[in-house]
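> Here is my input, please return the structure:
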Amino acid sequence: MAELNTGDGGGGKKGSKKVRSKKQNSKVDLTAMVDLAFLLITFFMLTTTLSKPQSMNLGLPDKEDDKTEKPQKVDENRTVTILMGENNHVKVFRGFLATPKFGPKAVEYGKDGLRKDLLAQKQAVLEYTGTKDKGMIVIIKPSKKSNYRNLVDVLDEMAIVGVPTYAIVNEFSPEEVKLLGDGTTAPTVEKTPTP
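Here you go, the predicted structure:
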């Protein structure tokens, strides 16, 4: 393990009157300490857990389209639509666009804009339904020219406000495109020609 080497360090002449003490040469074997260090590193690497990425659960529809299912009717008094355009423009309305119960209203992102309106609409839906079981349904419609950060901000607002049901939809009616008024075109699906 460790050894202590002592050598004759008094290299004076024989017969000199000065008495010199012997110098001790110390040499420590560090092999055991290096082994211990590697064992500790290995132990901590195996026993610690790495931080897991935080992500939001997003329910996606099945890949198979079932043509037998009929569209579900949704109460227009419970439905709030958020239209996202370019340059951080966002418009909110409740009900159908042809006969809105609220709006359409241009709002800003953040607690004084979108969150305030969502809380007000949530309260109005709660008064309409009389129960928390039938809460507000939010339809989020990002246009092609809206940016990803704004979509994340809207999803964060859904979590903060406590909206139980929301959906991201990429289909725009011509009236909604006109309402955005930013030159946004409805998303198109490219079809490949079949031979």
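
> What is the strand or helix carrying Met33 packed up against?
Under the criterion of DSSP states H and E, Met33 resides in helix 31-47. Under the contact definition 3 or more CB pairs under 8 Å, 6 or more residues apart in numbering; DSSP states H and E, helix 31-47 sits against no other helix or strand. Backbone N, C-alpha and C define where each C-beta goes, glycine included.

> Extract the CA atoms of it and return them as PDB.
Extracted as PDB, the C-alpha positions of helix 31-47 are listed here (Å, rounded to 0.1, in the frame of the first residue of the first chain):
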ATOM      1  CA  THR A  31      -2.900   3.000  -6.600                       C
ATOM      2  CA  ALA A  32      -5.500   2.300  -3.900                       C
ATOM      3  CA  MET A  33      -6.800   5.800  -3.800                       C
ATOM      4  CA  VAL A  34      -7.300   5.800  -7.600                       C
ATOM      5  CA  ASP A  35      -9.200   2.500  -7.400                       C
ATOM      6  CA  LEU A  36     -11.400   4.000  -4.700                       C
ATOM      7  CA  ALA A  37     -12.100   7.100  -6.700                       C
ATOM      8  CA  PHE A  38     -13.200   5.000  -9.700                       C
ATOM      9  CA  LEU A  39     -15.400   2.900  -7.500                       C
ATOM     10  CA  LEU A  40     -17.100   5.900  -6.100                       C
ATOM     11  CA  ILE A  41     -17.600   7.500  -9.500                       C
ATOM     12  CA  THR A  42     -19.100   4.200 -10.800                       C
ATOM     13  CA  PHE A  43     -21.300   4.000  -7.700                       C
ATOM     14  CA  PHE A  44     -22.700   7.500  -8.100                       C
ATOM     15  CA  MET A  45     -23.200   7.100 -11.800                       C
ATOM     16  CA  LEU A  46     -25.200   4.000 -11.400                       C
ATOM     17  CA  THR A  47     -27.300   5.100  -8.400                       C
END
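
> Centre of the chain to it, how far?
Relative to its chain's centre, helix 31-47 lies at 36 Å (CA atoms, centre = their mean, to the nearest Å).

> got it, and stretch 151-158?
Counting by CA atoms, centre = their mean, stretch 151-158 comes out at 10 Å from the chain centroid.

> mind listing what's buried in the helix holding Met33?
The neighbour-count criterion (16 or more other CB atoms under 10 Å) identifies no buried residues in helix 31-47.
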